[in-house]
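Enquirer: Sequence first, predicted model second:
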Amino acid sequence: MRKPFYQLLVAFSLVMMLGSCALHQGVTTNATVTVLEKANFTYVHRQVEGKSSVQYIVGFGGLRRQALVDEAKRDLMRRMPLSDNQALANMTVNFKTSCYVLYEVIECTVVADIIEFN
């Protein structure tokens, strides 16, 4: 009688430990809004992205949130370096937090368009 109860308890515990949850957050910024009101630019690349991530085990490890954004932006610039008269526009910063019982992963993605001024 007790054996099925313990099997069910073990199965439920495994599902809870291996299950995960995720949280998504995002922010859109445009630091060049005054310049972009004029038609003096063209889009060179759209939706260029850079990524960074950090892992926490029992709450220890990793970087601060601002450091994640800086790392993701550096990754974006490494993938697509800017030339003269180019700038980032329509920048979006997204966070995804995945939680496993004692393990947490935070991923940061920076997405931007590259424009070139005439």
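Expert: Structure's in. What do you need?
Enquirer: Contacts for the longest strand seen in the chain next, please.
Expert: Identified as the longest strand of the chain according to DSSP state E is strand 41-57. In this structure, residues lying in contact with strand 41-57 by C-beta atoms under 8 Å, 6 or more residues apart in numbering are 35, 61-63, 68-69, 71-80, 86, 89, 102-118. (Glycine included, C-beta is placed from N, CA and C.)
Enquirer: any low-confidence regions in the chain?
Expert: 1-2, 14-36 (pLDDT under 70).
Enquirer: how does it look with 90?
Expert: 1-41, 56-69, 85, 89-90, 95, 97-106, 117-118 (pLDDT under 90).
Enquirer: Which parts of it are strands?
Expert: Taking DSSP E as the criterion, the chain carries its strands at 21-29, 41-57, 86-100, 103-117.
Enquirer: Taking strand 86-100 as reference, get the angle to the last one.
Expert: Just to be clear, that refers to strand 103-117. 170 degrees (axes from the mean of the first three to the mean of the last three C-alpha atoms, to 10 degrees).
Enquirer: Show me which residues of strand 103-117 are buried.
Expert: Within strand 103-117, the residues scored as buried using 16 or more other C-beta atoms under 10 Å are 104-115.
Enquirer: CSV for those residues, including distance to Gly50?
Expert: Shown next, in CSV, are the buried residues of strand 103-117 (distance: C-beta to C-beta, whole Å):
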residue, distance to Gly50
Glu104, 21
Val105, 17
Ile106, 15
Glu107, 12
Cys108, 9
Thr109, 7
Val110, 5
Val111, 8
Ala112, 8
Asp113, 13
Ile114, 12
Ile115, 17
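Enquirer: Pick out the most distant pair among those.
Expert: Maximum pairwise distance in the buried residues of strand 103-117, criterion C-beta to C-beta, is 36.1 Å, between Glu104 and Ile115.
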